[in-house]
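[1] Turn this into a structure:
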Amino acid sequence: MTVSFNKNVNDTSTLPILYSLRNCPYAMRARLAIFKAKQTVLLRDLVLSNKPEEMIAVSPKATVPVLVLTNGTVIEESLEVMLWALHQTDPADLLQRHNGDQKPCQEEGALAEMLSLINEFDTGFKTCLEAYKCAKRYQEDNIAQCREACQQYINQLEQRLTKHSYIISDKESLADIALMPFIRQFARIERQWYLQSPYPRVRQWLNNYLQSPVFTKVMAKHPLWVDNQQDVLFGGN
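    Next comes the predicted model:
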């Protein structure tokens, strides 16, 4: 796969446009899926304090990621962006449509399990994670209780990872790259506690992502689009 970063593109009509915020976990997982699907988009990095008028015009809610397809369709939810990318191409079989010998398997069952787990974390875990982050930021006295609420979800991942190499099976899946950015946030709140926590398999799973060349490329820093109006070619075949 060849990937071009920091490359100006004059003709923006032939590729989708992705509005993204580098460290936003939702935007991060959208970029991961696009990258792993080997799709190519025009990346427009932004900051929350200076959102492009072009993005607000197509997506008034003004949150990232926002993917604008060449036919004018606007996809505003990160999971929908991920599914769009992987339904175009899925070379790593992240939707787990095949078994080990590349024969079709029960896609609907595998995808349903992944989507159910992602929803559980996007709702329950995300709420607990926000409370945990606030408790740390404002030095509140309930930080231990907030951490314990998050641990119910982290322990679930630990148990899954005792059975196989990734969250769903021994193959990487949509669920892994959808949850990873949020587990990364959890690991950074109380770093020393996390490093000594009883979740060695979660730590190894997360480290494998954070130390990977793919993550380095997906997290590359680019000039803000509002500053120069120059698109960055992201992804590729």
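[2] Surely Pro52 touches Asp45?
    No - using Cβ atoms under 8 Å, Pro52 makes no contact with Asp45, being 10.0 Å away. Glycine gets a C-beta too; all of them are placed from N, C-alpha and C.
[3] Tell me which of the two has more neighbours.
    A count of neighbours by other Cβ atoms under 10 Å puts Asp45 above the other of Pro52 and Asp45, at 22 against 18.
[4] measure the residue lying closest to the more buried one once chain neighbours are set aside to Arg160 for me?
    Spatial nearest neighbour of Asp45, chain neighbours left out: His222 (4.8 Å); criterion: Cβ to Cβ, 6 or more residues apart in numbering. Taking Cβ to Cβ, to the nearest Å as the measure, His222 falls 34 Å from Arg160.
[5] pLDDT (mean, whole number) over stretch 155-171?
    Averaging pLDDT along stretch 155-171 gives 98.
[6] what sits in contact with each of Pro52 and Asp45?
    Trp225 (Cβ atoms under 8 Å, 6 or more residues apart in numbering).
[7] got a list of contacts for stretch 147-159?
    For stretch 147-159, contacts defined as Cβ under 8 Å, 6+ apart pick out 120-121, 124-125, 128-129, 131-132, 167, 179, 183, 186, 189-190, 193, 197-202, 205.
[8] try 10 Å this time
    By Cβ atoms under 10 Å, 6 or more residues apart in numbering, the residues outside stretch 147-159 that reach it are 117, 120-121, 124-129, 131-133, 135-136, 142, 167, 175-176, 179, 182-183, 185-187, 189-190, 193-194, 197-203, 205-206.
[9] again, but for stretch 168-176
    29, 32-33, 36, 79, 82-83, 86, 90, 92-96, 98-100, 110-111, 113-118, 121, 157, 160, 163-167, 183, 205, 208-209.
[10] all strands of the protein, in order?
    With strands called from DSSP state E, the chain shows them at 17-20, 40-45, 66-68, 74-75, 232-235.
[11] that older thread, show me just the buried residues among the contacts of stretch 147-159.
    117, 121, 125-126, 128-129, 131-133, 135, 167, 175-176, 179, 182-183, 185-187, 189-190, 194, 197, 199, 202-203, 205-206 (16 or more other Cβ atoms under 10 Å).
[12] Which ones among those lie within helices?
    117, 126, 128-129, 131-133, 135, 175-176, 179, 182-183, 185-187, 189, 194, 202-203, 205-206 (DSSP state H).
[13] Can you tell me which of the contacts of stretch 168-176 are buried?
    For those, buried by 16+ other Cβ under 10 Å: 29, 32-33, 36, 79, 82-83, 86, 90, 93-96, 110-111, 113-115, 117-118, 121, 157, 160, 166-167, 183, 205, 209.
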